[in-house]
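Trainee: build me a structure from this.
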Amino acid sequence: MNRINPEKLLQSKWTAVTPRNRERHFIVTRVIRDEQDEHVVEVVLQAVLTHRDHVLGWRELKQDDVWQMGWK
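Mentor: Numbering: from 1, shown residues only. Predicted coordinates for the structure are as follows:
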């Protein structure tokens, strides 16, 4: 399981273990917080190749069978 500090997610780089539509490398372009601005809720990942955005819960990045830290 990947250990992640939610405060350091912005501009972090991720690699999808099983790429879809040739989208393998991603960068976190936005961090979405709750109404009180206290806790990170979701992140916006942008595919490096296609520049498409994907929104997902930040805890999903902890699944090392789906995501790897950095670009590999």
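Trainee: strand partners (parallel or antiparallel) of the top strand by length along the chain?
Mentor: Assignment by DSSP state E gives strand 23-33 as the longest strand of the chain. Strand pairing for strand 23-33, using DSSP bridges, gives strand 13-20 (antiparallel), strand 40-47 (antiparallel).
Trainee: please identify the most buried of the ones you listed.
Mentor: Here the criterion is mean neighbour count by mean count of other Cβ atoms under 10 Å, and of those the winner is strand 40-47, at a mean of 19. Quick note: C-beta positions are derived from backbone N, CA and C, even for glycine.
Trainee: that older thread, what mean pLDDT does the longest strand of the chain get?
Mentor: Average pLDDT, strand 23-33: 97.
Trainee: who's in contact with that strand?
Mentor: Applying Cβ atoms under 8 Å, 6 or more residues apart in numbering, the external contacts of strand 23-33 come out as 6, 9-16, 39-50, 52-55, 58, 71.
Trainee: pull out the buried residues from it.
Mentor: Of all the residues in strand 23-33, those buried under the rule 16 or more other Cβ atoms under 10 Å are 23-26, 28, 31.
Trainee: returning to that earlier point: out of the strands paired with strand 23-33, which is closest to Val66?
Mentor: strand 13-20 (5.7 Å; Cβ to Cβ).
Trainee: noted, bye for now.
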